[in-house]
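# using only what follows, build the 3D model:
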Amino acid sequence: MQKSSSKSLILIITLVTSLNIGLWWARPGVTASIPFRSSVPTKGVALSDDQQGILAVRSVKPAVVSIIGNRPYGTNGAETQANSGTGFIISSDGYVVTNYHVVADPGVNYKAVLLDGKSLSAKVVSADKYGDIALLKVDGTGMATIWWGNSDSLETGQTVFAIGNALGKYQHTVTKGVVSGVDRNVVLDSTRPRYQQLIETDAAINPGNSGGPLVNMQGEVVGMNTIVEQGTGLGFSIPSNYIKTSIDQLKNLGKTNHAYVGVQYVLVDSVAKEKNDFPFDGGAYVSSVATGSPAEHAGLRAGDVIISVNGEALTQDHQLDVVVAKYVAGNQVLLKIYRNSVQLDLGLILGEYK
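Numbering: from 1, shown residues only. The predicted model follows:
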């Protein structure tokens with residue numbers, strides 16, 4: 001009799017435990033920010049990749065907003081939709097991050113639409129035009145926020161999710177892919193900034209996804225989806241570590257401080273090296289120097305080749321603007337240049353990119 005009771009008790013405990021685990025998994029609105037930020041299986045349950053991915057997306061979605069821009073017209077207060085994009089909430093008091101190009105039009109009224117459909121007026125607080133980042137504010141308290149991930153630790157092949165307002169009408173769309181590359185430098189056209197050290201991904205990024213989060217399997221935001229190479233299936237995201245630095249400056253200074261040299265240049269590749277018999281690899285060939293720029297004040301001339309900045313050699317992967325981006329206006333750097341077959345050192349005080 002005692003043995004039978006023990007078996008019954010074990011059976012009851014097992015059923016209750018299973019029921020609790022099932023309820024924890026299925027309960028709507030439960031974020032798994034604590035459980036899946038550890039490699040240790042929660043409550044002894046090993047999650048499949050699908051389950052881990054579902055939890056990651058579920059934890060981030062409440063902090064993702066659709067950005068809708070409406071342009072006033074006429075005299076009766078009517079509006080017409082001008083553009084759309086995505087953003088994500090970074091603080092419980094309603095600060096939202098998106099791309100600058102999503103909210104660049106000063107004649108448009110913007111609103112942020114939450115996961116539950118609630119629409120909030122969104123005000124552009126400040127923006128980093130060069131980095132394509134904007135800081136918005138909506139009225140709210142106790143709002144769901146994202147968790148930041150470390151973009152420097154990303155590896156190619158790592159699974160990621162893109163979340164956004166696809167095509168401006170399919171809100172909170174989720175696509176899945178991998179990190180296809182890191183430290184990508186992208187130039188689209190002369191009207192857009194040169195994007196530096198971006199994350200490349202094959203997770204589908206559609207029109208309207210701009211400003212949305214790129215999320216890892218732990219539910220952490222590792223990037224902000226920004227641009228797509230048309231016809232390739234490849235998208236690019238701004239790394240989270242850069243975004244955080246930019247946000248700190250936008251909040252504290254009302255602007256970002258980007259260093260400026262004041263030259264136009266072309267990379268010295270292997271063909272140019274052989275043709276000109278340069279005794280070094282890489283470098284930036286200066287094609288022109290802007291009048292009144294830090295470069296002019298330092299004595300740089302068209303035809304000079306900048307070999308290094310503070311000892312960091314300029315290469316295909318570390319071109320001049322990428323290296324200079326590590327500094328802020330007012331920093332003094334030492335340039336090693338090549339002029340008329342002679343290597344020279346020039347001190348240069350960096351200006352501020354406007």
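
# any idea how far Tyr170 is from Ile146?
20 Å (Cβ to Cβ, to the nearest Å). In short, each C-beta sits where N, CA and C put it, glycine included.

# same deal with Ile306?
Distance, Ile306 to Ile146, by Cβ to Cβ: 39 Å.

# neighbour count: these two, which is higher?
Higher neighbour count among Ile306 and Ile146: Ile306, with 25 against 22, using other Cβ atoms under 10 Å.

# doesn't Leu335 make contact with that one?
Yes - using Cβ atoms under 8 Å, Ile306 is in contact with Leu335, at 5.5 Å.

# what do the two both touch?
Listed contacts common to Ile306 and Leu335 are Leu300; contacts here mean Cβ atoms under 8 Å, 6 or more residues apart in numbering.

# quick one: the helices in this structure, in order.
Assigned by DSSP state H, the chain shows helices spanning 2-26, 49-60, 240-253, 270-276, 294-298, 320-324.

# those: lowest mean pLDDT?
Lowest mean pLDDT of these: helix 2-26, a mean of 39.

# tell me who's in contact with the residue nearest to Val108 when sequence neighbours are not counted.
In space, and not counting its chain neighbours, Val108 is closest to Gly69: 4.1 Å by Cβ to Cβ, 6 or more residues apart in numbering. Contact partners of Gly69, counting by Cβ under 8 Å, 6+ apart, are Gln81, Ala82, Asn83, Ser84, Gly85, Val102, Val103, Asp105, Val108, Asn109, Tyr110.

# and these, which of them are buried?
Asn83, Ser84, Gly85, Val102, Val103, Val108, Tyr110 (16 or more other Cβ atoms under 10 Å).

# could you list the buried residues of stretch 226-240?
Buried, per 16+ other Cβ under 10 Å, within stretch 226-240: Thr226, Ile227, Val228, Leu234, Gly235, Phe236, Ser237, Ile238, Pro239, Ser240.

# same thing with stretch 53-66?
Buried residues in stretch 53-66, defined by neighbour count with 16+ other Cβ under 10 Å: Gly53, Leu55, Ala56, Val57, Ser59, Val60, Lys61, Pro62, Ala63, Val64, Val65, Ser66.

# distance of the fourth one from Glu352?
In other words, Val57. Counting by Cβ to Cβ, the gap between Val57 and Glu352 amounts to 39 Å.

# swap in the third one?
With the distance defined as Cβ to Cβ, Ala56 ends up 39 Å from Glu352.

# what's across from the nearest residue to Asn209 once chain neighbours are set aside in the sheet?
Leaving aside its sequence neighbours, Asn209 sits nearest to Gly164 (Cβ to Cβ, 6+ apart; 3.4 Å). Note on Gly164: beta-bridge partners by DSSP bridges are Thr173.

# mind listing what Gly164 touches?
Neighbouring residues of Gly164 by Cβ under 8 Å, 6+ apart: 64, 85-86, 172-173, 205-206, 208-212, 225.

# could you export these as TSV, including pLDDT and distance to Asp152?
Below are the contacts of Gly164 laid out as TSV (pLDDT from 0 to 100; distance: Cβ to Cβ, whole Å):
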residue	pLDDT	distance to Asp152
Val64	97	23
Gly85	94	26
Thr86	96	24
His172	93	28
Thr173	94	28
Ile205	90	21
Asn206	87	27
Gly208	89	28
Asn209	91	23
Ser210	93	23
Gly211	95	22
Gly212	96	21
Asn225	95	18
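
# out of the residues you listed, who's the most crowded?
Gly212 leads the contacts of Gly164 on contacts (other Cβ under 10 Å) with 36 neighbours.

# circling back: so which of the buried residues of stretch 226-240 is the closest to Tyr327?
Pro239 (17.6 Å; Cβ to Cβ).

# now do the closest one against Gln196, distance only.
As judged by Cβ to Cβ, Pro239 and Gln196 stand 10 Å apart.
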